[in-house]
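# Below is the sequence, then the predicted model.
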Amino acid sequence: MDSTDEPGNQRPVKIAVMTVTDSRTEETDTSGKLLVERIEAAGHQMVEKRIVRDDRYLIRELVSRWIADPEVEVVISTGGTGLTGRDVTPEAVKPLFDKEIEGFGELFRWISWQHIKTSTIQSRAIGGVANGTLIFCLPGSNGACKDGWDEIIVHQLDQSHRPCNMIEIMPRLKER
């Protein structure tokens with residue numbers, strides 16, 4: 001094990017957070033705040049946090065800007081992954097993916113099943129890679145953000161996590 005792989009030698013990852021909502025403000029955005037708190041507690045660097053309306057083109061514009069920015073390594077969104085007509089986060093973000101991380105949505109729903117049983121079928125949580133940037137789209141509830149961050153993302157952004165983690169492959173995400 002390399003000394004940088006030891007617990008406590010965390011490589012800070014630069015992360016942007018987007019809350020997709022028509023009804024929340026900075027004061028009432030509890031899921032966005034929850035993610036920011038957990039990101040910072042894990043030793044990562046918050047690059048930017050934004051609230052965006054449920055509009056596929058506004059969502060796509062912001063995520064496109066972040067994936068073009070070398071200062072952003074990971075994008076995490078919360079909200080807009082349900083089934084209503086206004087829920088368009090997957091439709092906005094998927095066309096940007098170079099590769100989809102199918103296992104992220106599958107694992108998220110399996111973990112979610114432990115808490116909300118069959119209601120998890122309403123979740124369209126997705127993950128992918130675009131221009132070397134990791135993207136994770138979570139549902140908007142605090143419980144979903146806790147499940148997504150605490151059970152999946154935090155471990156994959158920890159270089160000491162074994163048998164493998166996303167930190168190890170980040171330098172190779174842009175290979176052609």
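Sure, I can see it. What you are looking at is a predicted structure, and each value in this text was computed from that prediction instead of being measured.
# residue boundaries of the strands in the chain?
14-20, 45-52, 74-78, 99-100, 126-130, 133-138 (DSSP state E).
# Which one, of those strands, ends up nearest to Leu107?
Distance to Leu107, taken as Cβ to Cβ, is lowest for strand 126-130 among the strands of the chain, at 9.2 Å. The way it works is simple: take the backbone N, C-alpha and C, and place the C-beta from them, glycine included.
# contacts for that closest one?
63, 67, 81, 90, 93-94, 96-101, 103-105, 134-137, 173 (Cβ atoms under 8 Å, 6 or more residues apart in numbering).
# what mean pLDDT does it have?
The predicted model assigns strand 126-130 a mean pLDDT of 98.
# What strands flank it, and is each parallel or antiparallel?
Neighbouring strands of strand 126-130 in its sheet, by DSSP bridges, are strand 99-100 (antiparallel), strand 133-138 (antiparallel).
# For the shortest one, what is the distance to the chain centroid?
Taking Cα atoms, centre = their mean, to the nearest Å, the mean C-alpha location of strand 99-100 is offset from the chain mean by 14 Å.
# cool, stretch 21-35 as well?
Relative to its chain's centre, stretch 21-35 lies at 15 Å (Cα atoms, centre = their mean).
# That one: which residues count as buried?
For stretch 21-35, burial by neighbour count (16 or more other Cβ atoms under 10 Å) applies to Thr21, Arg24, Asp29, Ser31, Gly32, Lys33, Leu34, Leu35.
# Ok, stretch 96-115 next?
Leu96, Phe97, Ile101, Phe104, Gly105, Leu107, Phe108, Arg109, Ile111, Ser112.
# what's the last one in contact with, if anything?
Read that as Ser112. By Cβ under 8 Å, 6+ apart, the contact list for Ser112 reads Thr120, Ser123, Ala125, Ala144, Asp147.
# Just name the closest of those to Ser77, please.
Nearest to Ser77 among the contacts of Ser112, with distances taken as Cβ to Cβ, is Ala125, at 9.9 Å.
# so what's the residue nearest to that closest one when sequence neighbours are not counted scoring on pLDDT?
Distances taken as Cβ to Cβ, 6 or more residues apart in numbering place Phe108 nearest to Ala125, at 4.2 Å, with adjacent residues excluded. Here, the pLDDT recorded for Phe108 equals 98.
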